[in-house]
Structures are given as C-alpha cells and as structure tokens.
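In: I need the structure of the sequence given here:
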Amino acid sequence: QVQLVESGGGLVQAGGSLRLSCAASGRTFSSYAMGWFRQAPGKEREFVAAISWSGGSTYYADSVKGRFTISRDNAKNTVYLQMNSLKPEDTAVYYCAASKVVAGISEPYDYWGQGTQVTVSS
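Out: A predicted model of the protein is given here:
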C-alpha cells in the first residue's frame, strides 16, 4: 500500500515556475515507477511525465517536454515536478501516481494522490 500526497500547487503568472512535490508513505516507494498526470476542467486526465524506480529513465508528454522536469529522491520518498515557462493551458489539477511499471497511460498506476491545483494566469 502506498499513500501519496501532493503539494506545491498555486497561482502563477504565465512564464513563471512552480515545483510540485509528492510525498509517499511506505517503505516500498523505491520499487515503484512514478508518474504525474493532470486534468483540466471539462477535459480528460492526461499524462504529463513519468520516472522509473531508479530515476534513470524519464518520459514526458510532448506538450511539456523542455519545460517540465520530473525527478525523485528515494531517500525522502518524494517525487518532484519542476514546471518552468508555464502557460495558461497548463492550468489543471495535477496528480501523482505510483505504478510497478513506467507508463504514459493511467491504467497501470495503482495508487493516486488527491491532486493539487495549478492555475496559470495570462
């Protein structure tokens, strides 16, 4: 069982930056791949980024590539999403999730956080 709690969301102007954190409970955090997803109002949840259990492999949606960076600290049971050059279209609730396999789709992810709101003003 893994419990996930996101933090770091907020209101930022276009072009600004935010860093999201996702703290995980449980001693097995390092055995899970982690992902970030987002859901904007009226839209389906979409993949943002994922990282392997070791941190050695990362994957990004085309829409965030070059602007967002996913990382993890297994000693702190935490995964991060550094978001730079934010755009209004990045506005969404951001969720972190844990999976036994790295994936760019939501189905393999077994555990989900409650989400944190990110709002980017123009």
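
In: which residue packs closest to the most centrally placed residue in the chain, ignoring adjacent ones?
Out: Central residue of the chain (C-alpha atoms, centre = their mean): Trp36, 2.5 Å from the mean position. Leaving aside its sequence neighbours, Trp36 sits nearest to Val48 (C-beta to C-beta, 6 or more residues apart in numbering; 4.3 Å). C-beta: built from backbone N, CA, C; applies to glycine.

In: what residues are up against the one you found?
Out: Shown in contact with Val48 (C-beta atoms under 8 Å, 6 or more residues apart in numbering): 35-38, 60-61, 64, 68, 81, 94.

In: quick one: which of these sit in helices?
Out: Secondary structure from DSSP state H places none of the contacts of Val48 in helices.

In: quick check, nearest of these to Trp112?
Out: Nearest to Trp112 among those is Phe37, at 8.4 Å by C-beta to C-beta.

In: the closest one against Glu46, yeah?
Out: Yes - taking C-beta atoms under 8 Å as the definition, Phe37 is a contact partner of Glu46 at 6.4 Å.

In: compare the two and say which is more crowded by neighbours.
Out: Ranked by neighbour count (other C-beta atoms under 10 Å), Phe37 and Glu46 place Phe37 first, with 24 against 16.

In: and the gap between that one and Gly15?
Out: Computed as C-beta to C-beta, to the nearest Å, the Phe37 to Gly15 distance reads 23 Å.

In: and for Tyr32?
Out: Separation of Tyr32 from Gly15 (C-beta to C-beta) stands at 33 Å.

In: which of these two has more neighbours?
Out: Shown here are Tyr32 and Gly15; by other C-beta under 10 Å, Tyr32 has more neighbours (26 against 11).

In: re the thing from before, and the contacts of Val48 as TSV, adding distance to Gln114 and pLDDT?
Out: Output for the contacts of Val48, formatted as TSV (distance: C-beta to C-beta, whole Å; pLDDT from 0 to 100):
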residue	distance to Gln114	pLDDT
Gly35	15	98
Trp36	14	98
Phe37	13	98
Arg38	14	98
Tyr60	23	98
Ala61	21	98
Val64	21	98
Phe68	20	98
Leu81	15	98
Tyr94	11	98
